[in-house]
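Chemist: Predicted structure and sequence below. I'll ask about it afterward.
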Amino acid sequence: MASKDETGKSYGSGRTRNWATVIYPESAPANWEDVLREEKVRAVASPVHDQDVNATGEPKKSHRHVILCFSTTKTEEQAKEVFAKIGGVGCEKVKDLRQYCRYLCHLDNPEKARYTPGDVITFGGFDYYETIMSSADETDMLMDITRFVVEYHVTNFAQFQLWNIDNRPNWFRLIARGASYYVAQLIKSERYNDHEEHDHQHDHQHDQHGKFCPECGSTAIVKNGKTPANTQRFKCCDCGKIFV
């Protein structure tokens, strides 16, 4: 609730944690990233928007959107103090942080040029991917992971996560932060299916031979070449006995 000072002017109203501005490469300081890091505040900057067009189809000036995420509520004047140091033009409240962060890459704006989330710049430990992720996005990603594991017969969880670090960082984050049990069980199931198939093929081989080991009685028998007289030789997979 807003309070009033001795002049009767209200203060506290208009405060918020998250504020946004626009910076233009030609007017922002060359070291604007270093300047922003020195502020010790969580922040996120969009990729350079260099493919945007206005309503008449004319190209817009290249620019970045920058969001400051303070730990406590700040006034517009306080936000402007920071933005002035990086050449920010304008200052607006961010009503919905997730939606604004998604707008940084036009993720929900098919009529606009799409930008790569990997080109987003973060400051102060801001987690861009965590912020933009929706429940629907997580479900779609798990569907993609499931198809991938089954199609490529992934059977090692650790190796899969190492691969994800280099090739699918979004998958790595999702699995590490809450989907590890599901994916581990999925991979375990795929590994079990591989073993079942191997056992089935092995049993089929045993049935074809119709043999058992004279040493230990095992039916785990495989062919092992032929004798000089061209008689089929067999080997026991359990005790190693070779016989005809």
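Modeler: Now that the structure is in, tell me what you want to look at.
Chemist: where exactly do the strands run in this protein?
Modeler: For the chain, the strands defined by DSSP state E cover 3-4, 10-11, 16-23, 42-45, 64-74, 89-93, 121-123, 221-226, 232-236, 242-243.
Chemist: what about the residue nearest to residue 154 when sequence neighbours are not counted, neighbour count?
Modeler: Nearest residue to residue 154, sequence neighbours excluded (C-beta to C-beta, 6 or more residues apart in numbering): residue 160, at 5.1 Å. (Glycine included, C-beta is placed from N, CA and C.) The number of residues packed near residue 160 is 22, by other C-beta atoms under 10 Å.
Chemist: next one: residue 181
Modeler: Using other C-beta under 10 Å, residue 181 has 9 neighbouring residues.
Chemist: same thing with the one 3 residues further on?
Modeler: Neighbourhood size, residue 184 [other C-beta under 10 Å]: 14.
Chemist: Show the contacting residues for it.
Modeler: residue 157 (C-beta atoms under 8 Å, 6 or more residues apart in numbering).
Chemist: thinking again about what came up before, export the strands of the chain to TSV and tack on mean pLDDT, distance to residue 151 and mean neighbour count?
Modeler: Listed next are these as TSV, based on pLDDT from 0 to 100; distance: least, C-beta to C-beta, whole Å; neighbours: other C-beta atoms under 10 Å:
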stretch	mean pLDDT	distance to residue 151	mean neighbour count
strand 3-4	48	61	10
strand 10-11	44	60	12
strand 16-23	98	41	20
strand 42-45	98	35	22
strand 64-74	97	38	18
strand 89-93	97	45	14
strand 121-123	98	33	17
strand 221-226	81	31	13
strand 232-236	85	35	16
strand 242-243	87	40	13
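Chemist: TSV for those, including distance to residue 111?
Modeler: Formatted as TSV, those follow (distance: least, C-beta to C-beta, whole Å):
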stretch	distance to residue 111
strand 3-4	44
strand 10-11	40
strand 16-23	20
strand 42-45	23
strand 64-74	17
strand 89-93	21
strand 121-123	25
strand 221-226	64
strand 232-236	69
strand 242-243	74
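Chemist: So which of the ones you listed is nearest residue 51?
Modeler: strand 64-74 (13.1 Å; C-beta to C-beta).
Chemist: Give me the packing partners of the closest one, helices and strands only.
Modeler: strand 16-23, strand 42-45, helix 76-85, helix 97-103 (3 or more C-beta pairs under 8 Å, 6 or more residues apart in numbering; DSSP states H and E).
Chemist: In terms of secondary structure, what does the first one contact?
Modeler: For strand 16-23, the packing partners by 3+ C-beta pairs under 8 Å, 6+ apart come out as strand 64-74, helix 76-85, strand 89-93, helix 97-103.
Chemist: Show me what the shortest one pairs with in its sheet, parallel or antiparallel.
Modeler: Partner strands and pairing direction for strand 89-93 (DSSP bridges) are strand 16-23 (antiparallel).
Chemist: Can you give the contact residues for the partner strand?
Modeler: The contact list for strand 16-23 (C-beta under 8 Å, 6+ apart) reads 32, 45, 63-74, 76, 79, 83, 86-94, 97, 100.
Chemist: tilt between it and strand 64-74?
Modeler: Orientation check (axes from the mean of the first three to the mean of the last three C-alpha atoms, to 10 degrees): strand 16-23 against strand 64-74 gives 160 degrees.
Chemist: for the chain, what helix or strand is lowest in average pLDDT?
Modeler: Ranked by mean pLDDT, DSSP states H and E, the weakest helix or strand in the chain is strand 10-11, scoring a mean of 44.
Chemist: my guess is residue 70 meets residue 41, correct?
Modeler: Yes: with contacts counted by C-beta atoms under 8 Å, residue 70 reaches residue 41, the gap being 6.0 Å.
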